[in-house]
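> Structure for the following, please:
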Amino acid sequence: MRFNRQISIASLLSILVLWQPTLANSRSDLSWDRGEKTPSVWDKNKCLGGSSPSFRLGGELNNSTTYNLQNLRNLRDALKNQNPALVTEITVSFQTGSGPQTETYYGIPLWELINNSKAGGGLKPGNSGVNSKNSFLRQYVLVEATDCYGAVVAIGEIQPNFEGKTVLVAFEKKGSDGRIVPLIDEGFARLVVPGDKAGGRYVSNVRNIVILSAPASPLKPKYF
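Numbering: from 1, shown residues only. Next up is the predicted model:
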């Protein structure tokens, strides 16, 4: 019996020795065992920065569209023909990291880009929360640059029946010689927010303009 038991133990040890490389090989094929992470969607859309040749208009609106410089020029002309009084030129002064700056920009009002039937076609209902009254006042515009810098403009800031501010998506400006020139050093389009003392919301190299809604309040009734 002792002899048979010794053979059994030896056989078991030999099996384990032979099996060990197989286990090692199988474990080496598991990415999580090497500490690797599965690539996410953000890895495929890294914020590399640089000049933007176009931007995407989307989110909670009827017509999602991609615009380049010529598209914006054509749209500006069409909107001016539709409404000759439309403001497409703004002179602004704002503070930058290198001091105060004054520029004259030309472009399309953000509200027209979102709401006009020739462009975004109007807002879609978003997250209205518990009370749906004036639900568009919960909506906002996220403007994102190629380096993922972003800023937000509330719909209430640009809706004509509320603040009615003429925030501009600019694609041209007045040069030092008085000529109107493209925004070469700022990407083909940038956001212009008149009334802001600092230029933090003057997003350049725009690549995305997205309409979103604020989430429902996390507060419970007892807090009111």
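> Just to check, F136 is in contact with N161?
No: using C-beta atoms under 8 Å as the test, F136 is too far from N161 to be in contact (10.2 Å). C-beta: built from backbone N, CA, C; applies to glycine.
> Of those two, give the one with the bigger neighbour count.
F136 (19 against 7; other C-beta atoms under 10 Å).
> which ones are touching that one?
123, 126, 155-156, 159 (C-beta atoms under 8 Å, 6 or more residues apart in numbering).
> In CSV, list those along with distance to S132, pLDDT and neighbour count.
Below are these laid out as CSV (distance: C-beta to C-beta, whole Å; pLDDT from 0 to 100; neighbours: other C-beta atoms under 10 Å):
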residue, distance to S132, pLDDT, neighbour count
L123, 14, 92, 19
G126, 10, 78, 19
I155, 15, 96, 25
G156, 16, 95, 17
Q159, 17, 95, 19
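> Closest to P215 out of the residues you listed?
Nearest to P215 among these, counting by C-beta to C-beta, is G126 at 10.2 Å.
> Surely the closest one is within a helix?
No: assessed with DSSP: H, G, I helix; E, B strand; the rest coil, G126 is coil; it does not lie in a helix.
> ok, now how distant is it from K80?
30 Å (C-beta to C-beta, to the nearest Å).
> what's the burial count for S52?
21.
> For the residue nearest the centre of the chain, name its beta-bridge partners.
The structure's the chain has its C-alpha centroid closest to E144; by C-alpha atoms, centre = their mean the separation is 3.8 Å. Beta-bridge partners for E144, by DSSP bridges, are G150, N208.
> OK, contacts around it?
E144 neighbours (C-beta under 8 Å, 6+ apart): 150, 203, 206-210.
> Quickly note the distance from it to V169.
Note on E144: its distance to V169, by C-beta to C-beta, is 13 Å.
> Identify the contacts common to the two.
206, 209.
> got the residue ranges for the helices in this structure?
For the chain, applying DSSP state H gives helices covering 2-28, 41-44, 69-82, 110-115, 155-158.
> ranking these by mean pLDDT, which is last?
Lowest mean pLDDT within these: helix 2-28, at a mean of 44.
> which regions of the protein lie under the pLDDT threshold?
For the chain, the stretches flagged by pLDDT under 70 are 1-45, 129-130, 220-224.
> ok, now with 50
1-7, 9-10, 12-36, 38-42 (pLDDT under 50).
> what's the single longest strand in the chain?
Determined from DSSP state E, the single longest strand within the chain is strand 99-109.
> Run the angle between that one and helix 69-82 for me.
70 degrees (axes from the mean of the first three to the mean of the last three C-alpha atoms, to 10 degrees).
> buried stuff in strand 99-109?
With burial defined by 16 or more other C-beta atoms under 10 Å, the residues of strand 99-109 counted as buried are 103-109.
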